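Trainee: next come a sequence and a model predicted from it.
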Amino acid sequence: MTELIAGDLDAAAQILRQGAGTLHAMGERGYRSTAVAYLAEVLCAQGRLDEAQRLTEDAEALGGAGDVVSQAKWRATRAELLARRGQASAAVRLADEAVAQIPATSFDPVLGEVLTAKAEVLRLAGALGDAETSLRSALQLYEDRQLVPLAEQARALLAGLTAHRRPQAQQ
């Protein structure tokens, strides 16, 4: 979604909320689970953690077992929520599950998104080296597919992470 990639979280939330509502009115579940999972991610990024939690639960209930995007996205967002709430071990476990949902040879942008979410979980858990590894994997996927805006975002996150690690190394 362009708005999400561009960092316009308000616009992304509005579009996703409208899309999920339309899909709900149609009785559609598969695409709606994905829209709801992405909306949960946006709300998490906005700090609306309780609403994001509820939406991960909705996406989990709506998504079929074979819907790898929905399955990965709700897990990744819920992992971030758990990490923000200080539940590091459960968060890391769920982030690993999110990554495992995506086949290695397809869905590269989604895998990159999930690896980026995992990096945030690991950062919040204090595992900065592992967070850097996860971000570097996401960056490699984005560069390989020439997904320039996503690669730039990954580079910026990586720069922030490595800048954060330097002062600790000097202590």
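Mentor: Here it is on my side, so go on. All of these numbers come straight from a predicted model, not from anything done at the bench.
Trainee: give me the residue at the spatial middle of the chain.
Mentor: Taking C-alpha atoms, centre = their mean, the centroid of the chain lies closest to residue 117, which sits 4.2 Å from it.
Trainee: compute the distance between residue 151 and residue 46, please.
Mentor: Applying C-beta to C-beta, to the nearest Å, the value for residue 151 to residue 46 is 24 Å. Where you see a C-beta, it was placed from the backbone N, CA and C, and this is true even at glycine.
Trainee: hmm, back to that, residues touching the residue nearest to the centre of the chain, list them.
Mentor: Residue 117 makes contact with 41, 76-77, 79-80, 95, 98 under the criterion C-beta atoms under 8 Å, 6 or more residues apart in numbering.
Trainee: hey, C-alpha coordinates of the helix or strand containing it in PDB?
Mentor: Assigned by DSSP states H and E, residue 117 belongs to helix 108-124. Listed next in PDB are the C-alpha coordinates belonging to helix 108-124 (Å, rounded to 0.1, in the frame of the first residue of the first chain):
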ATOM      1  CA  ASP A 108       9.500 -11.100  -0.800                       C
ATOM      2  CA  PRO A 109       7.900  -7.700   0.100                       C
ATOM      3  CA  VAL A 110       5.800  -9.300   2.800                       C
ATOM      4  CA  LEU A 111       8.800 -11.300   4.100                       C
ATOM      5  CA  GLY A 112      10.800  -8.100   4.300                       C
ATOM      6  CA  GLU A 113       8.000  -6.400   6.200                       C
ATOM      7  CA  VAL A 114       7.800  -9.300   8.600                       C
ATOM      8  CA  LEU A 115      11.600  -9.300   9.100                       C
ATOM      9  CA  THR A 116      11.500  -5.600   9.800                       C
ATOM     10  CA  ALA A 117       8.800  -6.200  12.400                       C
ATOM     11  CA  LYS A 118      10.900  -9.000  13.900                       C
ATOM     12  CA  ALA A 119      13.800  -6.500  14.000                       C
ATOM     13  CA  GLU A 120      11.700  -4.100  16.100                       C
ATOM     14  CA  VAL A 121      10.600  -6.900  18.400                       C
ATOM     15  CA  LEU A 122      14.300  -7.900  18.900                       C
ATOM     16  CA  ARG A 123      15.300  -4.300  19.400                       C
ATOM     17  CA  LEU A 124      12.600  -3.900  22.100                       C
END
